[in-house]
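Peer 1: Starting from these lines, generate the structure:
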Amino acid sequence: MMKTGYRAGYWIAEWDDGTDACMDDLTQRCPQLLIGRYVAIASCDSGPYTPTADEFAAGWSKIEALAISPKVEAVSQLPAPGFDEWYVYDWSNGLAPHANFVNRWGFSALNSDDEYTNTFWDQVTRRAPLHVLGAGCPALFLVTRDEALFKAVIART
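Peer 2: Numbers count the residues shown, from 1 in each chain. As a prediction, the model looks like this:
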């Protein structure tokens, strides 16, 4: 089941099929969310992601628990084991650590009266990513400032 919404200048889509969500379900259909951009990984498999030595050599960096990709050329260069939370930017300079929210069972970017969700939105408005992608339990979500891309994603899912 898909739900949509709008908050703080961002379009929101959430898919909930009652099982653990998989980021690949979204990124394989809509790679344009990531290609040519930088991904700040706040959660990977429920925790921080530590790039391998080869990934560091290829341009990955880390700020405390936040792993930052080089400019994405292929979706396959990003880890997506589940319970993932990605903040997507057009730049990588000046990024700071991000809290993660996807690990809380039932987290929804669409909630409006939940303090935990309000803290998520405080972070989103403060950090101003282009997109936020999350895969937890039981939902997959996209938060984006790009209305045209939002409409394209909705049409493909």
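Peer 1: in stretch 32-39, what's buried?
Peer 2: If you call a residue buried by 16 or more other C-beta atoms under 10 Å, then stretch 32-39 has these buried ones: 33-34, 37-39. Bear in mind the C-beta positions are built from the backbone N, C-alpha and C, glycine included.
Peer 1: Also stretch 125-140?
Peer 2: 129-137, 139-140.
Peer 1: moving C-terminal of the helix or strand where Trp121 lies, what's the next helix or strand?
Peer 2: Per DSSP states H and E, Trp121 falls inside helix 115-127. The first helix or strand that comes after helix 115-127 along the chain, using DSSP H and E, is strand 131-135.
Peer 1: Now for the buried residues of stretch 32-39: which two are most distant?
Peer 2: For the buried residues of stretch 32-39, the farthest-apart pair by C-beta to C-beta is Leu33 and Tyr38; their separation is 12.3 Å.
Peer 1: Which residue, neighbours along the chain excluded, lies closest to Thr117?
Peer 2: In this structure, Thr117 finds its nearest non-sequential neighbour in Asn111, 4.0 Å apart by C-beta to C-beta, 6 or more residues apart in numbering.
Peer 1: Show me what the lowest-mean-pLDDT helix or strand in the chain is packed up against.
Peer 2: Here the helix or strand of the chain ranked lowest by mean pLDDT, DSSP states H and E is helix 24-27, holding a mean of 91. In terms of contacts (3 or more C-beta pairs under 8 Å, 6 or more residues apart in numbering; DSSP states H and E), helix 24-27 is packed against strand 131-135, strand 139-144.
Peer 1: Lovely, talk soon.
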